[in-house]
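> return atomic coordinates for the entry below.
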Amino acid sequence: MPSHILISLVFAVFALLGGSTSSHQPSSSMTDTTAQYVYHAADTRGHADHGWLNTYHSFSFASWHNPERMHFGALRVLNDDYVAGGGGFQTHPHDNMEIVSIPLSGDLEHGDNMGNTAVIRSGDVQILSAGTGIMHSEKNYSSNDAVRFLQIWVFPNQRDLKPSYDQETFSKEAERNDLLCVVSPDGKQGVQMHQNAWFHLGSWEADHAASYRLQGGTGQGVYAFVLEGAVEIDGKPLGRRDGLGIWDTESIAIKATKNARFVLMEVPMQW
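Sure, this is the predicted structure:
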């Protein structure tokens, strides 16, 4: 069976299994005063190389299963995908999942059975609310150049919603030494997600420091993922593609120790 068809079948299975709600919290943690942390080094992620697809999984996905890395609160999937020129995920189903795609380089072509067709590029953020069920495909728009993107799945706060699609373009300059909100529950900032969740992107110069105050009230956590460079969060060092989950806190302190780009994903720990 061709690998692209196999991957699409795996997506279909995950779509069918992905609708459960849970109050799971990370079991591997340490406590600093009240805040709790779970650290995921880049080289501990799951990995699969299918030739056309080279992918890394921060949480259990496809053939990589780690019972201590199932999800962080409502954050279910964080995949770091590299798709070669001409490659892509063929049409496959999803339901009851909020699916965010953030291109890091190259161009990604989207199509779905709601009639949406688009090409998303670096600077764009796309969300697909699968709800009662959708069929979609994601392909490299170029036959030669690779595309690299983050694929992020979040459990929604309601099941069986009407499927929807949104896409916005953001200025890279708005991330410079700041936190740019690209996902929010009401869509007033960024694209709308059916969950008490906020995503922020930051591109910080070395030594820039600031704090992030969690916006969703009690029971929230934030998962930080470093795209490039290095940062410290609450004094804990993180390098390229490292992840850190924090909960039982109202705010976190962030400092870029090198020029860095990172994403913060605030989600409920129970829902």
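> Ala88 pairs with what?
To be clear, residue 88 is Gly; Ala isn't right here. For Gly88, the beta-bridge partners are Lys139 (DSSP bridges).
> ok, Arg261 next?
As for beta bridges, Arg261 partners with Ser203, Glu228 under DSSP bridges.
> contact partners for it?
Contacts of Arg261 were listed using CB atoms under 8 Å, 6 or more residues apart in numbering, and they are 175, 201-204, 226-229. Bear in mind the C-beta positions are built from the backbone N, C-alpha and C, glycine included.
> recalculate using a threshold of 7 Å.
By CB atoms under 7 Å, 6 or more residues apart in numbering, the contact set of Arg261 is 202-203, 227-229.
> separation between it and Glu175?
Look at Arg261 and Glu175: by CB to CB, to the nearest Å, they are 7 Å apart.
> please apply the same query to Pro93.
According to CB to CB, Pro93 and Glu175 sit 33 Å apart.
> show the model's pLDDT score for Gly18.
The per-residue pLDDT reported for Gly18 equals 43.
> show me which of the contacts of Arg261 are buried.
202-203, 227, 229 (16 or more other CB atoms under 10 Å).
> confidence score at the nearest residue to Ser129 once chain neighbours are set aside?
Excluding the flanking residues, the one nearest Ser129 by CB to CB, 6 or more residues apart in numbering is Ser164, at 4.6 Å. Per-residue confidence (pLDDT) for Ser164: 97.
> so what touches stretch 182-200?
74, 98, 100, 125, 127, 129, 154-158, 161, 166, 168, 170, 179-181, 201, 215-216, 263-268.
> which neighbouring elements make contact with the host helix or strand of Gly111?
Gly111 belongs to strand 107-112 when assigned by DSSP states H and E. Where contact means 3 or more CB pairs under 7 Å, 6 or more residues apart in numbering; DSSP states H and E, strand 107-112 is packed against strand 117-121, strand 134-140, strand 147-154.
> that strand vs strand 134-140, what angle?
160 degrees (axes from the mean of the first three to the mean of the last three CA atoms, to 10 degrees).
> now strand 107-112: buried residues?
107-110, 112.
> low-confidence ranges in this structure?
Within the chain, the segments meeting pLDDT under 70 span 1-33.
> anything in contact with each of Arg261 and Glu175?
Contact criterion CB under 7 Å, 6+ apart; residues shared by Arg261 and Glu175: 202-203.
> which residue ranges form the helices in this protein?
Along the chain, the segments classed as helices by DSSP state H run 3-17.
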